[in-house]
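**Student:** structure of the sequence below:
(chains A, B, C, D, E and F)
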6 protein chains.
Amino acid sequence: MRMDGRQTNQLRPVTISTGINKYAEGSVLIEVGDTKVICTASVEERVPPFMKGQGKGWITAEYSMLPRATHSRNIRESAKGKLTGRTMEIQRLIGRALRSVVDLQALGERTITLDCDVIQADGGTRTTSITGSFIALCLAIGKLSDKSPFAKFPVTDFLASVSVGVIGEKAMLDLNYDEDSKAKVDMNLVMTGSGKFVEVQGTGEDAPFSREELGELLALGETGIADLIGKQIESLGPLADRIGG
Amino acid sequence: MRMDGRQTNQLRPVTISTGINKYAEGSVLIEVGDTKVICTASVEERVPPFMKGQGKGWITAEYSMLPRATHSRNIRESAKGKLTGRTMEIQRLIGRALRSVVDLQALGERTITLDCDVIQADGGTRTTSITGSFIALCLAIGKLSDKSPFAKFPVTDFLASVSVGVIGEKAMLDLNYDEDSKAKVDMNLVMTGSGKFVEVQGTGEDAPFSREELGELLALGETGIADLIGKQIESLGPLADRIGG
Amino acid sequence: MRMDGRQTNQLRPVTISTGINKYAEGSVLIEVGDTKVICTASVEERVPPFMKGQGKGWITAEYSMLPRATHSRNIRESAKGKLTGRTMEIQRLIGRALRSVVDLQALGERTITLDCDVIQADGGTRTTSITGSFIALCLAIGKLSDKSPFAKFPVTDFLASVSVGVIGEKAMLDLNYDEDSKAKVDMNLVMTGSGKFVEVQGTGEDAPFSREELGELLALGETGIADLIGKQIESLGPLADRIGG
Amino acid sequence: MRMDGRQTNQLRPVTISTGINKYAEGSVLIEVGDTKVICTASVEERVPPFMKGQGKGWITAEYSMLPRATHSRNIRESAKGKLTGRTMEIQRLIGRALRSVVDLQALGERTITLDCDVIQADGGTRTTSITGSFIALCLAIGKLSDKSPFAKFPVTDFLASVSVGVIGEKAMLDLNYDEDSKAKVDMNLVMTGSGKFVEVQGTGEDAPFSREELGELLALGETGIADLIGKQIESLGPLADRIGG
Amino acid sequence: MRMDGRQTNQLRPVTISTGINKYAEGSVLIEVGDTKVICTASVEERVPPFMKGQGKGWITAEYSMLPRATHSRNIRESAKGKLTGRTMEIQRLIGRALRSVVDLQALGERTITLDCDVIQADGGTRTTSITGSFIALCLAIGKLSDKSPFAKFPVTDFLASVSVGVIGEKAMLDLNYDEDSKAKVDMNLVMTGSGKFVEVQGTGEDAPFSREELGELLALGETGIADLIGKQIESLGPLADRIGG
Amino acid sequence: MRMDGRQTNQLRPVTISTGINKYAEGSVLIEVGDTKVICTASVEERVPPFMKGQGKGWITAEYSMLPRATHSRNIRESAKGKLTGRTMEIQRLIGRALRSVVDLQALGERTITLDCDVIQADGGTRTTSITGSFIALCLAIGKLSDKSPFAKFPVTDFLASVSVGVIGEKAMLDLNYDEDSKAKVDMNLVMTGSGKFVEVQGTGEDAPFSREELGELLALGETGIADLIGKQIESLGPLADRIGG
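**Tutor:** Okay, the predicted model is just below:
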């Protein structure tokens, strides 16, 4: 059994609260176990310079942790004067993942920025950020659609993310912080509602892994993603029907 | 009447939720109207270099807003690579204010850092940060005291902060964002439980003010501070009795 | 009696030398006791981006100390790569104060930048910077007026600044560095020629203060400001008559 | 057929020149097609602060491109004043990958820094950097071993890296720049001499991929890695026999 | 005799390999003894803001050392977040020197950037960078000329650079690193094909030098420059005839 | 005749005022024509890390211009967040020059920092900074000597600096800003009291110069330096006798 009594293929409790910010076009507080992330979607009616004049939109993401989101307090990146490599890597990952299920042409020349601010961290902050910011993104696009309907709803499929890992000899789903620190293999998966992979990022720094182990991890991940997408559908309500429509 | 129906000497609704972070030694979510701030207190058993060897402790504060805490999204200071003057000014103010009611000698050689993260902003974020971080600070010192009692409880008095201002010809208490934008005189007050001033920061950029107007503003502030300290006492429970004891 | 033999309500000797820079549109060396500040006003025929298209001007200020303006040498902010919070706070204060007595509409779309460089510091550098840069500002606007008269002279009132504080139990005017280090309450006042407050910034970090003490400090400040404005009038000569006219 | 006439499972020509720097403890110029990277290994007899006192060594990597390594000139990161997210991501990947095949305990308290400087880029610069820096690392450890033999040679297995991708509907090995720009799925693999995975980083930003496609890509990668390890063995000569011994 | 057996007026072996980068408009690997520098010339069809609208071109240079170009590894300037004073001084020198032999009017509104990346350093990296980047510059201008001939070839004269110094009591040409560390007087000369000085930078930090010594050093430098220009002519082939034509 | 009526070999009027700062160990305001520089010397009883444990002292310099020292206002380097290449080059030059006439062994393990702050600039700010900071340095060392005499006075010779240049076809001494902008050849010389060269920095960006022209410029410089050293001797009074003694 796992430290917190879960099965190897069981997610932690997931809670999704939408509309938690009065200004943002889309907002959500997502809690996966003790990991809590505020995701907001902000719409701007222009695109970054490298996208200008293509008639297409852009989706980008920023990620940050409050200083005391973790066991011991971290120095703010604003005080350091620069982002860490870890933060940049996560931001790039979130943005790339979300763009994979958005038809940027259909979105039109606007930018949606997803801010993922980790209020409390207990493992899986990057995967939780992706799962949560997908909802914030849909809400924001839904709001745009209410004002002026799109010819085609720009979100082409669901998208969620989960971590899997090997602890001891066991493959496990959705690692919390303590499990993550002990994992020999650590993998983050981003998948679509149609069961395809958008990102597969596996690392065996402490112990390289075989193709078999990889297979086992992917299977666990598929289960977890399906559960998460179920939660997303619930929280989105009728808006869920327009995705991929 | 004010836009939101309040009397000129009436605070917005105040909600204080303690213990909202599982790692921090003290934590609080304070809501004053639509302004929401998470304040956490983090204890470190060492002092900054300039305080070493004096047998005294140190209290410091950091302040930040989530990018979409406001009407339109702000660029993160971590992305800019530096803090704005406004942020630095506020951080200095919060730390100075809190230190005025802590006996640093009694605290001993340790640092308590107050992180004030504005989740949603609707005016008064600096005053709300002070009022909230005073509670987080007391909780953290209470926790230290539980582990190893202080000869003298290091918090010497209550401390709260509120804004006042002149709109049109009327002095008003606790301005929200819309009121703040119209105010000709804008003043932030920090006061103790015994009714003394710790900080008086008044600015009449748009219209210099007379000594009479100043008097009126101070009187309004005193009322508001007393109300806020009432709320602090409630939320601190039995710990409140030890302050200034 | 005070360390340097002054009365509690007595300013240090004040010397104002105008025209000390051959390039600047307005320039002054102001000495208040051993505190010496060079203030220059530079006019640019454009406004910052956030002011564009409003037909109004802008006044801004920068503040710096030479490394050896103080007892021991300070590291240059240019070498550190960033401004300290103290510097930013002072710059914002000077700019805000000066703008309160300038009719930006009458000034027209141009920016005047006041550079306050502290050559030697002995307490009161920020208040001295305000008092001195007001003169440099008037000289620069006078020069603009000589080239092309304004419909209405844009300076609406005199403006000066002084510090007051409580040392021991005594309220005192215009603290020098040694006095400032001992003060329990420290207050900077900016006032107009008509006796109104533009900025009241009082701090009782070491000892909160009562409303009575506040009153005493404000009264002392009023005296000092009146004296300083007298000196400004002398140094401005005929130009003084056009202010507020 | 591919643009350059290769089979889908064929690497570009690989050339490895060792000892190309007279100061570095290990150095190599690796050319994979038109991609050319200088890898040097530098040994320091100390470890970074977070590793102190554990009796273990550390391996880290830095990555950079000359400004004109690419079609059009890039601004230097030293001129920008900060590293891009891409550079940080690659540096972290190289370091993590190399550490997976080094017994840090056996290495002892020293740091080996691998510098990967891309002289000319034509796709696959991060994978080429890993393959090349593994050789530089072995040379440096071999040199340490010559001075004072290790109880156990600290390199536990071979390590190489290659890219694979899907272009049109075809899975292909070792993409050059033009192929990479057209790939719908892009994957970087790091594998050991014993055929295990150290890193699997697949991205389907433009088109999510199925588990079948993933399988095909992994199979192609295995072929390429085996070929690269053959080249490594050749270039290492007798030193190759000590790896994993 | 010198450590490496050279005469006092003898250069180290010089090798110049052109066309070593497939993207750059001009490229060269120059080796002077164990000092090796890659110089690339990149052409952009625009000029920096301060040159706009003058109908003239611009030549600029950047200089950098690979971290392990030297005996012990240097921290990258990109990791430090800023350029050292030494790097800036060298970059300014290279740019200034090259501009002295280019008719910027004849070049037209375009910028040529010379990147000098030191692969291995053994003294004289700045002089070698100048000598090498002159060739890269000529190649780039030659290429421009092939596409669309200039009315007048914009390179007006040859240009090379060498170091001279006083070691013990002896003046010597082209110091390597060990010699340079012992030199009492250190001088870098940049001269044209017609024997005129473009830069004379002599420093006697450890021992001021007389006018006689200066004369001796200049004479040695003239010899060395003449030899280097001979090498440049060889490596440029027919293009050499167009210079100053 | 020159614009300002001087002979080609004539300095501008030179004024040296010592003791102008009440805190610094040595201070001077030096005026050469309209160029005005405040030089202060600050003594610290420790040396930088790279000099530790050698029993030797260190001399270093910093240089800055007030924003309105020039015709049009310059952005502060502290606001930019970094020093320009020009500033770094000048700082390095001043430090190097001063060290050439100080016996660092005799000085003992302490650092003297020379701050050169240009109050008004009209050409020759770097040479004026050297000439002035030599005096501040002597005053500071004199003061150290008064407290505790040196076995040997650490200043070994006088040191001054001047610019020379070619305007039209004429070599001229001590260029002001307007002359400097027109000069084809621009040279800064640093020389000792015994007539030797410490720095020769000549640049012919607009027109390379012959050995004859170089000779003429050096001769002019010698004259100017001798005059400046005369002024230094006057201003130093009896302390002058101890230099080189």
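
**Student:** which helix or strand in chain A has the lowest average pLDDT?
**Tutor:** Lowest mean confidence among the helices and strands of chain A (mean pLDDT, DSSP states H and E): helix A:77-80, at a mean of 92.

**Student:** now find how far off-centre whichever helix or strand comes after that helix is within its chain.
**Tutor:** Using DSSP states H and E, the helix or strand that follows helix A:77-80 in sequence is helix A:85-99. Computed by C-alpha atoms, centre = their mean, to the nearest Å, the chain-centroid distance of helix A:85-99 equals 9 Å.

**Student:** before we move on, the earlier item: can you tell if the least confident helix or strand of chain A touches chain B?
**Tutor:** Yes: Helix A:77-80 comes into contact with chain B (C-beta under 8 Å from any C-beta of the partner chain), by way of A:77-80. Quick note: C-beta positions are derived from backbone N, CA and C, even for glycine.

**Student:** and that helix, which residues are buried?
**Tutor:** Of the residues in helix A:77-80, A:77-79 count as buried by neighbour count, 16 or more other C-beta atoms under 10 Å in any protein chain shown.

**Student:** over to stretch A:59-71?
**Tutor:** Buried residues in stretch A:59-71 (16+ other C-beta under 10 Å): A:59-70.

**Student:** now the angle from the lengthiest helix in chain A to helix D:211-236?
**Tutor:** When chain A is parsed with DSSP state H, its longest helix is helix A:211-236. On the basis of axes from the mean of the first three to the mean of the last three C-alpha atoms, to 10 degrees, helix A:211-236 is oriented at 140 degrees to helix D:211-236.

**Student:** mind listing what's buried along helix A:211-236?
**Tutor:** Buried, per 16+ other C-beta under 10 Å, within helix A:211-236: A:213-214, A:217-218, A:220-225, A:227-229, A:231-232, A:235-236.

**Student:** helix or strand: which one has A:Asn188?
**Tutor:** Counting by DSSP H and E, A:Asn188 is found in strand A:185-192.

**Student:** identify the residues contacting whatever residue of chain A ends up closest to chain E.
**Tutor:** Closest to chain E within chain A is A:Lys82: 7.4 Å, counting by C-beta to the nearest C-beta. With contacts defined as C-beta atoms under 8 Å, 6 or more residues apart in numbering or on different chains, the neighbours of A:Lys82 are B:78, B:81, D:82, E:81.

**Student:** in a markdown table: the residues you listed, plus distance to E:Asn9.
**Tutor:** A markdown table is the format used below for the contacts of A:Lys82 (distance: C-beta to C-beta, whole Å):
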| residue | distance to E:Asn9 |
| --- | --- |
| B:Ser78 | 57 |
| B:Gly81 | 51 |
| D:Lys82 | 46 |
| E:Gly81 | 43 |
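
**Student:** mind checking pLDDT for the residue positioned nearest the centre of chain A?
**Tutor:** In chain A, the C-alpha nearest the mean C-alpha coordinate belongs to A:Ile130, at 0.7 Å (C-alpha atoms, centre = their mean). Turning to A:Ile130, the model gives it a pLDDT of 98.

**Student:** what's the closest non-adjacent residue to it?
**Tutor:** Once flanking residues are discounted, A:Ile130 sits nearest to A:Ser161: 3.8 Å by C-beta to C-beta, 6 or more residues apart in numbering or on different chains.

**Student:** ok, A:Asp180 next?
**Tutor:** A:Asp180's closest residue in space is A:Gly123 (C-beta to C-beta, 6+ apart), at 4.7 Å.
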